[in-house]
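In: Take this sequence and fold it.
(one chain, ligands or ions: 1)
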Amino acid sequence: MHNLLDSITDVLLMGPGPSAVHPEVYKALARPTLGHLDSEFIAIMDQTKEHMRWLMNTKNALTFPISGTGSAGMETCFVNLVEPGDSVLVLVNGVFGKRMVEVASRLGAQVDTVDAMWGMPIDIVDVRAALKKKAYKIVALVHAETSTGVLNPVQEIAAEVGRTEALFLLDSVTGLGGIPVKVDEWRVDAFYSGTQKCLSVPPGLAPASLSARAHEVLNARKKPVPNWYLDVSLLTSYWEGAKRAYHHTAPINMIYGLYQGLLLLRAEGQEAAFARHREAHLQFVEGIEEMGLSMLVPKESRLPMLNAVVVPEGVDEAAVRARLRQEYHIEIGAGLGPLAGAIWRVGLMGYTARPENVTRVLNALRGCLS
Ligand code: PLP
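Out: Below is the predicted model of the structure:
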């Protein structure tokens, strides 16, 4: 019988994610599947948690991957901490901040927002003003806004949130592994990421972490967590303790993949991985500017791993993307929402973030635009 998988070609993934998977991770995914309560597998789970703590810079006991993509991480953080009527402040400057508003609202939260123009960072003055006006249970921020390529000023925002009683919820789906993430130093109470960006692993898991304070809030809930699958108080029976109990069948091979991706980062070192992303970004921007193109985001707020390039006047952006995919076997991303048609999003994440890939995409873009 014809197998569609036989005709998959090797596409260089340079969009907003997924990014290129490291060959060692592919090997890890193909290892024999163990039972989800097998002692050998539990040792891998425990090491995976330890490596996650290392990369997140946290001592949080509650640090483990959620079964599901980055959005499952987002749902987990909100569903465990929000009760109907709770006041939540979401800082919005792109698609993923908007998604947080949607998720928190569906749980019955009273959601306020601080908004910034897409392509610009959240303004700390606005955050300060909002926190002065009202007390919030949760303040939520997207560290690396994948829809625009903006790095939000997480350290300054963390300091403002730290002056209040609010829990600090941080999305670093795109940041983790490519820029510093300091869960303990920034006093982040609920954190999540995704495997398919700077960890060089396919999509499928959401590395997450909850602080002791978030755990207390969870334990003090008036009503049970309304979602059984993502209830952290149930998930801990599988992820923690000397004796493990079944909750759901863990995606065993995906956990091998995450474990391997984290091992690779440990071998490389955090600083070296961040430098690799930064250098790829600088090489890319130099090439883009040499071509007479410009970047959307001001220099000081640019993410290294997500590069938003302004589409030049008169160019059919979708046609360029289609040609890149068909002729050059490279995938890049389009703009979303108000930026649809206005930008290309070029990802330099994880195993994609290497000089030869930057050269390849720049040459291909030159070919398409000449
Ligand atoms: N948050 C951010 C910043 C993202 O970039 C993404 C995905 O691109 C998500 C959340 C959602 O993750 P997923 O698509 O893996 O569910």
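
In: Tell me which stretches of the stretch 251-370 of the chain form strands.
Out: 306-310, 330-331, 333-334, 343-347 (DSSP state E, counting those that start in this stretch).

In: do the same with the stretch 51-200 of the chain
Out: So, for the stretch 51-200 of the chain - with DSSP E, counting those that start in this stretch - the strands run 62-67, 87-92, 110-115, 138-142, 144-145, 150-151, 167-171, 190-192.

In: and among those strands, the most buried is which?
Out: strand 144-145 (a mean of 30; mean count of other C-beta atoms under 10 Å). All C-beta atoms are positioned from the backbone trio N, CA, C, and that covers glycine.

In: Give me the nearest residue to the closest residue to the ligand within the chain, chain neighbours excluded.
Out: At 2.5 Å from the ligand, residue 70 is the closest residue in the chain, using C-beta to the nearest ligand atom. Leaving aside its sequence neighbours, residue 70 sits nearest to residue 194 (C-beta to C-beta, 6 or more residues apart in numbering; 3.3 Å).

In: Let me know whether the one you found touches residue 19 as I believe.
Out: No. With contact defined as C-beta atoms under 8 Å, residue 194 does not reach residue 19; the gap is 10.6 Å.

In: So which residues on the stretch 101-250 of the chain come close to the ligand?
Out: Counting by C-beta under 6 Å from any ligand atom, the stretch 101-250 of the chain comes close to the ligand at 142, 146, 171, 173, 174, 194, 203.

In: go with 8 Å
Out: Residues of the stretch 101-250 of the chain that fall close to the ligand, judged by C-beta under 8 Å from any ligand atom: 142-147, 171-174, 192, 194, 196-197, 203, 206.

In: phi, psi of the residue nearest the centre of the chain?
Out: With distances taken as C-alpha atoms, centre = their mean, residue 173 lies nearest the centre of the chain, 0.7 Å away. Here is the backbone geometry of residue 173 (degrees, to the nearest 10): phi -60, psi -40.

In: these two touch, right, it and residue 145?
Out: No. Applying C-beta under 8 Å, one finds residue 173 not in contact with residue 145, separated by 10.0 Å.

In: what's the overlap in contacts for the two?
Out: residue 96 (C-beta atoms under 8 Å, 6 or more residues apart in numbering).

In: quick one on the thing from earlier: okay, the residue nearest to the centre of the chain: pLDDT?
Out: What the model reports for residue 173 is a pLDDT of 98.

In: I'd like the distance between it and residue 135.
Out: 28 Å (C-beta to C-beta, to the nearest Å).

In: coming back round to it: check contacts around the residue nearest to the centre of the chain.
Out: 17, 70, 73, 96, 144, 146, 192, 193, 194, 197, 206 are the contacts of residue 173 under C-beta under 8 Å, 6+ apart.

In: go with 6 Å
Out: Residues in contact with residue 173 (C-beta atoms under 6 Å, 6 or more residues apart in numbering) are 70, 193, 194.

In: Tell me how many other residues crowd the last one.
Out: Spelled out, it's residue 194. 30 (other C-beta atoms under 10 Å).

In: Assess the claim that it and residue 68 are in contact.
Out: No. Counting by C-beta atoms under 6 Å, residue 194 stays clear of residue 68, with 9.5 Å between them.
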